[in-house]
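K.L.:
need the 3D shape of this:
(2 chains)
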Protein chains: 2
Amino acid sequence: MSIFRYLLPKKKNTAGVAKERLQIIVAHERTLRGGPDYLPQLHQELLEVVRKYVNVDADAVNVQLDRNEGIDVLEMNITLGDEAVN
Amino acid sequence: MSIFRYLLPKKKNTAGVAKERLQIIVAHERTLRGGPDYLPQLHQELLEVVRKYVNVDADAVNVQLDRNEGIDVLEMNITLGDEAVN
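P.N.:
Residues are numbered from 1 along each chain as shown, chains lettered A, B, ... in the order given. Alright, predicted model coming up:
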């Protein structure tokens, strides 16, 4: 059982230039219904942390929120810029 | 194709008391070998962000770093305390 093929599934590289990609998944398994839904607020703060380490274009971030089988999931897919942050 | 069965796989609940669980996965697909490996530093900062929203016991955090098929993966599994943070 490997999670790797679910993380960052291969994309066709139409431009011929490989871009690095970053995926952040936050999954919260709730035992009770309700409770504060903090995942929408969380994504912006996570992004600020990641920006300290890698170069993220504002328009290169795709955010999805999902709820399934008692699990709230925040999924962020980010295409990284060419330059690393020092 | 669902990632949900890979996220937070069900555990047997031996104590009879359900705990909420949180899982954070950061996957970085690298196009080049090398480059700074920031994931070990990142995990502590991500935890600080999450602590603003949920109650995390210091000893309830399991961190794994893995590298496979050109993807660096940081996986954090967190058992949440009973009390939510306001």
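
K.L.:
show me what the spatially most central residue of chain A bridges to in the sheet.
P.N.:
Nearest to the geometric centre of chain A sits A:Met76, at 2.0 Å (C-alpha atoms, centre = their mean). Using DSSP bridges, the bridge partners assigned to A:Met76 are A:Ile24, A:Val63.

K.L.:
so where do the helices sit in chain A?
P.N.:
A:39-51 (DSSP state H).

K.L.:
all strands for it, in order.
P.N.:
Per DSSP state E, chain A carries strands over the ranges A:21-29, A:56-68, A:71-80.

K.L.:
quick one: mean pLDDT over the shortest one.
P.N.:
Predicted confidence along strand A:21-29 averages 92 (mean pLDDT).

K.L.:
now do it: which elements does it pack against?
P.N.:
Helices and strands touching strand A:21-29, by 3 or more C-beta pairs under 8 Å, 6 or more residues apart in numbering or on different chains; DSSP states H and E, are helix A:39-51, strand A:71-80, strand B:21-29. Any C-beta I mention is one placed from the backbone N, CA and C, and that applies to glycine too.

K.L.:
touching chain B at all, the longest one?
P.N.:
Yes. Judged by C-beta under 8 Å from any C-beta of the partner chain, helix A:39-51 and chain B are in contact via A:Gln41, A:Leu42, A:Glu45, A:Leu46, A:Val49, A:Val50.

K.L.:
who's in contact with the residue nearest to A:Val56 when sequence neighbours are not counted?
P.N.:
In this structure, A:Val56 finds its nearest non-sequential neighbour in A:Ile78, 5.6 Å apart by C-beta to C-beta, 6 or more residues apart in numbering or on different chains. Going by C-beta atoms under 8 Å, 6 or more residues apart in numbering or on different chains, A:Ile78 touches A:Arg21, A:Leu22, A:Gln23, A:Ile24, A:Leu47, A:Val50, A:Val56, A:Ala60, A:Val61, A:Asn62.

K.L.:
report the buried members of the residues you listed.
P.N.:
Applying 16 or more other C-beta atoms under 10 Å in any protein chain shown to the contacts of A:Ile78, the neighbour count classes A:Arg21, A:Leu22, A:Gln23, A:Ile24, A:Leu47, A:Val50, A:Val56, A:Val61 as buried.

K.L.:
thought A:Leu47 was touching the last one, still the case?
P.N.:
Yes. The pair A:Val61 and A:Leu47 passes the contact test of C-beta atoms under 8 Å, sitting 6.6 Å apart.

K.L.:
now do the shared contacts for those two.
P.N.:
A:Met76, A:Ile78.

K.L.:
still on that earlier bit, which of the buried ones among the contacts of A:Ile78 sit farthest apart?
P.N.:
Across those, the longest distance by C-beta to C-beta is 14.5 Å; it joins A:Arg21 and A:Leu47.
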